[in-house]
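1. Below are the sequence and a predicted model; questions follow.
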Amino acid sequence: MRILHVDVNSAYLSWTAVDLLEKGYPLDIRTVPAVIAGDPEDRHGIILAKSIPAKTYKIATGQSLFEARQKCPQLLIFPPDYDLYLGCSDAIYDVLHSYSPLIQRYSIDECFVDFTACEGRFGPAEQVAFEIKERIKKELGFTVNVGVGSNKLLAKMAGELSKPDKVHTLLNRTELEEKLWPLPVGELFMVGSASARKLERINIRTIGDLARADSVLLCGLLKSHGQLIWEYANGIDGDRVIPNGEIVQKGLSNSMTLPADVTSCQEAEQYLLSLTDRVTGRLRRQGCKASLIGISVKAATFVRYSHQVQLPFFTDDTTRIYQYICRLFEECWKGEPVRQLGVRLSEFVRADEYQLSVFDFEKIPRDEALNQVVDQIRARFGQTAIYRGTFANSALKPLEGGVNDGNYMMMGGYKQ
């Protein structure tokens with residue numbers, strides 16, 4: 001097998017940098033200490049991505065902006081633009097699709113490509129990996145790492161060996177032992193910090209140590225996870241590249257931390273409408289309908305609670321789902337100040353499945369036509385090209401929340 005793993009270098013920051021340069025910004029923010037982060041005034045002051053020069057100041061993803069500014073007072077800060085990032089992700093997918101139909105989006109900035117059957121047409125996978133890397137750099141303006149492996153795990157680990165703008169291979173046992181085994185055990189996929197500490201206590205410090213260890217001992221220490229990481233250390237992975245359209249999506253969610261604590265039901269429901277509008281748009285793009293609707297509420301005291309309802313039918317209609325969201329909020333809200341709100345949709349079927357009653361016969365096709373027109377306008381002219389009148393002359397954004405346009409199927413994750 002020949003699997004490619006394509007990973008954008010500092011994705012959010014690179015995509016923002018390219019967008020700024022196209023708009024005439026005088027500086028490539030990838031060349032200076034810069035970060036992508038939320039607005040601290042909106043209580044989103046967390047580092048989402050950083051430039052390579054920012055790393056020299058020991059600025060890390062997940063740090064607060066306050067801490068990052070302490071380390072680098074001249075740090076440049078830019079807000080995230082999730083609609084831009086989705087567009088960039090789609091552009092990468094389009095490039096890869098010209099080489100193989102078997103593509104799995106692992107995340108917004110990573111894809112696996114099954115190139116096994118395509119070598120006869122395009123040439124060796126290693127050669128094509130360089131071609132893809134250079135093509136993305138030339139056509140899209142940002143750099144990627146491409147890992148080439150004999151399975152998904154080795155392709156991903158190869159792409160992580162050194163960055164940025166590199167191609168690496170892990171195609172046989174010799175490369176596995178030479179390139180992967182000397183690395184610290186914590187760098188192996190699926191070995192977290194807690195597992196690494198347990199392994200180090202029994203003198204397993206490198207990936208090679210793990211590969212040579214007794215799998216029975218590892219199962220005693222880490223249960224089934226021990227067997228999994230022993231297989232990974234030995235380059236064993238049976239997962240295939242599954243095109244995302246074949247993945248049965250488990251759920252979609254959207255949430256946000258509010259700029260200020262909300263104490264009014266009406267204001268809270270406006271935020272919920274903004275969250276619902278975005279997540280139902282995602283639902284329709286996935287070609288699904290949902291029957292389980294839920295909300296989550298985090299109070300100003302950081303106490304979190306949730307509420308959900310199982311519908312006797314499936315729907316992808318924004319207005320209908322929002323009506324249930326409001327009902328759930330009114331039932332569960334205790335009247336205290338609210339810091340964070342979230343909505344979740346699950347229990348999916350394909351969008352072409354219907355469950356009609358005599359009362360829905362005329363209304364559902366009309367609502368679907370309206371949603372379709374709205375989605376088409378947003379796809380062509382931008383997500384805020386059309387929005388509900390309640391947001392006119394309002395400080396609230398018509399579409400709120402971050403990006404989780406998954407159906408991204410993680411290795412070892414959802415199975416069909």
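-> Happy to help now that I have it.
2. ranges for the strands of this protein?
-> Using DSSP state E, the strands assigned to the chain run over residues 3-8, 34-37, 47-50, 76-78, 103-107, 110-114, 144-149, 167-170, 251-262, 288-299, 304-315, 338-350.
3. As a markdown table, those with mean pLDDT would be great.
-> What follows is these, written out as a markdown table (pLDDT from 0 to 100):
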| stretch | mean pLDDT |
| --- | --- |
| strand 3-8 | 96 |
| strand 34-37 | 93 |
| strand 47-50 | 90 |
| strand 76-78 | 93 |
| strand 103-107 | 91 |
| strand 110-114 | 96 |
| strand 144-149 | 97 |
| strand 167-170 | 97 |
| strand 251-262 | 86 |
| strand 288-299 | 92 |
| strand 304-315 | 90 |
| strand 338-350 | 89 |
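4. I'd like to know how many residues surround Q376.
-> If you count neighbours by other C-beta atoms under 10 Å, Q376 ends up with 11. Backbone N, C-alpha and C define where each C-beta goes, glycine included.
5. do the same with the one 5 residues further on
-> Other residues near F381 number 10, with proximity taken as other C-beta under 10 Å.
6. P184 too?
-> Per other C-beta under 10 Å, the neighbour tally for P184 reads 13.
7. From E177, how far out is it?
-> Computed as C-beta to C-beta, to the nearest Å, the P184 to E177 distance reads 16 Å.
8. The closest residue to I108 other than its chain neighbours: how many residues sit nearby?
-> Closest residue to I108 apart from its sequence neighbours, by C-beta to C-beta, 6 or more residues apart in numbering: S89 at 4.9 Å. Taking other C-beta under 10 Å as the criterion, the count of residues near S89 is 21.
9. what's the answer for the one 3 residues further on, then?
-> Counted with other C-beta under 10 Å, the neighbours of I92 add up to 24.
10. and it, what does it touch?
-> Residues near I92 by C-beta atoms under 8 Å, 6 or more residues apart in numbering: V6, V8, D109, C111, I136, L140, V144.
11. Of the strands of the chain, which is nearest P365?
-> When the strands of the chain are compared for distance to P365 using C-beta to C-beta, the nearest one is strand 304-315, at 13.0 Å.
12. contacting residues around that closest one?
-> Under the contact criterion C-beta under 8 Å, 6+ apart, strand 304-315 has outside partners 289-298, 321, 324, 327-329, 331-332, 340, 344, 347-349, 353, 355.
13. returning to that earlier point: kindly reformat the strands of the chain as JSON lines containing distance to E368.
-> What follows is the strands of the chain, written out as JSON lines (distance: least, C-beta to C-beta, whole Å):
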{"stretch": "strand 3-8", "distance to E368": "35"}
{"stretch": "strand 34-37", "distance to E368": "36"}
{"stretch": "strand 47-50", "distance to E368": "35"}
{"stretch": "strand 76-78", "distance to E368": "38"}
{"stretch": "strand 103-107", "distance to E368": "26"}
{"stretch": "strand 110-114", "distance to E368": "31"}
{"stretch": "strand 144-149", "distance to E368": "38"}
{"stretch": "strand 167-170", "distance to E368": "45"}
{"stretch": "strand 251-262", "distance to E368": "18"}
{"stretch": "strand 288-299", "distance to E368": "10"}
{"stretch": "strand 304-315", "distance to E368": "10"}
{"stretch": "strand 338-350", "distance to E368": "14"}
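14. Report the two of the contacts of I92 separated the most.
-> C111 and L140 (13.4 Å).
15. and the gap between F381 and D83?
-> With distances defined as C-beta to C-beta, the gap from F381 to D83 amounts to 12 Å.
16. got the CA coordinates for stretch 181-197 in CSV?
-> The C-alpha coordinates for stretch 181-197 follow below in CSV (Å, rounded to 0.1, in the frame of the first residue of the first chain):
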residue,chain,number,x,y,z
TRP,A,181,12.5,4.0,16.8
PRO,A,182,15.1,6.5,18.2
LEU,A,183,12.3,9.0,18.9
PRO,A,184,11.0,9.6,22.5
VAL,A,185,8.0,7.3,23.2
GLY,A,186,5.8,10.3,23.8
GLU,A,187,6.0,11.2,20.1
LEU,A,188,4.2,8.1,19.0
PHE,A,189,0.6,8.6,17.9
MET,A,190,-1.8,7.7,20.7
VAL,A,191,0.8,7.9,23.4
GLY,A,192,-0.2,10.7,25.7
SER,A,193,1.8,12.3,28.5
ALA,A,194,0.2,10.0,31.2
SER,A,195,1.0,6.8,29.2
ALA,A,196,4.5,8.1,28.5
ARG,A,197,5.2,8.6,32.2
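17. how about it: buried residues?
-> By neighbour count, and taking 16 or more other C-beta atoms under 10 Å as the criterion, the buried residues in stretch 181-197 are W181, V185, G186, L188, F189, V191, S195, A196.
18. of those residues, closest to I77?
-> G186 (30.0 Å).
19. which residues sit in contact with the closest residue to that closest one other than its chain neighbours?
-> On the basis of C-beta to C-beta, 6+ apart, the spatially nearest residue to G186 that is not a chain neighbour turns out to be A196, at 3.9 Å. Taking C-beta under 8 Å, 6+ apart, we find A196 in contact with P184, V185, G186.
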